[in-house]
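Trainee: Have a look at this prediction, sequence included:
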Amino acid sequence: MEHLTEIVLAIFASTGFWACVQAVILKHMDRRSAERAALLGLLHEKLVAQCEVYLDKGYISEGQYRDLDEYIYQPYRNLGGNGTGAEYMKRVQSLIFERKEKK
C-alpha cells in the first residue's frame with residue numbers, strides 16, 4: 001500500500017501528467033468554442049432571415065414576435081451575438097402587430 005501511495009504522489013507531482021491534463025482540457029475548450037461559434041452563426045442567419053421576412057411584410061403577429069424573441073434572439077444574444085441582431089429586432093419591434101380576426 002505504501003508503494004501505491006508513492007506512485008500516485010509521483011504521478012500527481014509529474015509535470016508531464018499535468019501537461020497531459022492541460023492538453024485534454026484545452027482541446028475540449030477549443031471544440032466547445034468552435035461549436036459555440038457555429039451555433040452563433042446559425043442563430044444569426046436565422047434571426048436576420050426571419051426579421052427580413054417580417055420587415056418585408058410590414059407586420060408580425062404577437063405569437064411570431066414571441067417565438068422570434070424567445071427561441072432565436074435571446075439565445076443569440078446570450079451567446080454573445082453582436083449588435084446586428086439587436087438592430088434587426090428593434091426594427092421588427094416597430095412593426096404593427098397583425099390582428100387575427102376570429103372566424
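Mentor: Received the coordinates, thanks. Numbering: from 1, shown residues only.

Trainee: report the longest helix in this structure, please.
Mentor: Across the chain, the longest stretch assigned as helix under DSSP state H is helix 15-57.

Trainee: neighbouring contacts of the host helix or strand of Pro75?
Mentor: For Pro75, the host element (DSSP states H and E) is helix 74-78. Residues outside helix 74-78 that contact it (C-beta atoms under 8 Å, 6 or more residues apart in numbering): 40, 43-44, 47, 85-86. Using the backbone N, CA and C atoms, a C-beta is placed for each residue, glycine as well.

Trainee: Next one: the residue nearest to the spatial centre of the chain relative to His44, how far apart?
Mentor: The centroid of the chain falls nearest to Leu79 when counting by C-alpha atoms, centre = their mean (3.8 Å). To His44, Leu79 is 9 Å away according to C-beta to C-beta, to the nearest Å.

Trainee: Quick check: which ranges of the chain have low pLDDT?
Mentor: Applying pLDDT under 70 to the chain flags residues 1, 8-15, 17-18, 21, 28, 30, 99-103.

Trainee: could you redo the last one with a cut-off of 90?
Mentor: Within the chain, the segments meeting pLDDT under 90 span 1-37, 82-83, 96-103.

Trainee: With adjacent residues omitted, what lies nearest to the residue nearest to the centre of the chain?
Mentor: Sequence neighbours aside, Leu40 is the residue nearest to Leu79 in space, at 4.8 Å (criterion: C-beta to C-beta, 6 or more residues apart in numbering).

Trainee: Over to Ile60?
Mentor: Tyr54 (4.3 Å).

Trainee: Neighbours of the closest residue to Glu62 other than its chain neighbours, how many?
Mentor: In space, and not counting its chain neighbours, Glu62 is closest to Phe97: 5.3 Å by C-beta to C-beta, 6+ apart. By the criterion of other C-beta atoms under 10 Å, Phe97 has 12 neighbours.

Trainee: could you check the distance from Phe97 over to Met89?
Mentor: Taking C-beta to C-beta, one finds Phe97 at 15 Å from Met89.

Trainee: before we move on, what about His44?
Mentor: His44 is 12 Å from Met89, by C-beta to C-beta.

Trainee: my guess is the residue nearest to Leu79 meets Gly80, correct?
Mentor: Yes - counting by C-beta atoms under 8 Å, Gly80 is a contact partner of Leu40 at 6.9 Å.
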